[in-house]
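**Q** Sequence plus predicted model, see below.
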Amino acid sequence: EVRLVESGGGLVQAGGSLRLSCAASGFSLNDYAVSWFRQAPGKEREPLSCISAIDGARYYADSVKGRFTMSADNVANTLYLQMNSLKPENTAVYYCATKSYCLFGQYAHWGQGAQVTVSS
């Protein structure tokens, strides 16, 4: 079964950290670029970061640059998003998704999302 599953969300105080996981089954994440998004209630989906399947290059939105970091565990077939210095406005559902390339292409797989709540 082809699946993409996020985990690691939860409740954290402002200034705290969380690490989200994006685990794939039924396919290899090495074959795809993997992006992270978030969507807060009443707001549009916001792209946060992407890791390239070609060279491992990482791209980050300005809103998270310096605070969020992507990493990969190829053996576990899992991507991670380390989130530091979290702010209440970072409260959202966080999703991972795969596509052929970070900068263009169609999305192939989506996870179900992980809720992140940052309290003030």
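**A** Ah, there it is. What you see is a predicted model; the values in this text were computed from it and never measured. Residues are numbered from 1 along each chain as shown.

**Q** what about residue 97, neighbour count?
**A** Counted with other C-beta atoms under 10 Å, residues neighbouring residue 97 total 20. Just so you know, the C-beta spots here come from the backbone N, C-alpha and C atoms, and that holds for glycine as well.

**Q** cool, and residue 99?
**A** Quick note: residue 99 (other C-beta under 10 Å) scores 18 neighbours.

**Q** List the neighbouring strands of the helix or strand bottoming out on mean pLDDT in the chain plus their orientation.
**A** Counting by mean pLDDT, DSSP states H and E, the weakest-scoring helix or strand in the chain turns out to be strand 107-110, with a mean of 93. Within its sheet, and counting by DSSP bridges, strand 107-110 is paired with strand 92-99 (antiparallel).

**Q** Who does the residue positioned nearest the centre of the chain form a beta bridge with?
**A** Note on the chain: the residue nearest the mean C-alpha position is residue 36, at 3.0 Å, using C-alpha atoms, centre = their mean. Note on residue 36: beta-bridge partners by DSSP bridges are residue 49, residue 96.

**Q** what's the pLDDT at it?
**A** Note for residue 36: predicted pLDDT of 97.

**Q** for residue 51, same thing?
**A** Here the pLDDT value assigned to residue 51 is 95.

**Q** and the closest residue to residue 1 other than its chain neighbours, how many neighbours?
**A** Nearest residue to residue 1, sequence neighbours excluded (C-beta to C-beta, 6 or more residues apart in numbering): residue 26, at 5.3 Å. By the criterion of other C-beta under 10 Å, residue 26 has 10 neighbours.

**Q** quick revisit: check which element follows the least confident helix or strand of the chain along the chain.
**A** Downstream of strand 107-110, the next assigned helix or strand under DSSP states H and E is strand 114-119.

**Q** Now do the buried residues in that following strand.
**A** 114, 116, 118 (16 or more other C-beta atoms under 10 Å).

**Q** Direction included, what does the strand or helix carrying residue 20 pair against?
**A** According to DSSP H and E, residue 20 maps onto strand 18-25. Within its sheet, strand 18-25 is paired with strand 3-7 (antiparallel), strand 78-83 (antiparallel), according to DSSP bridges.
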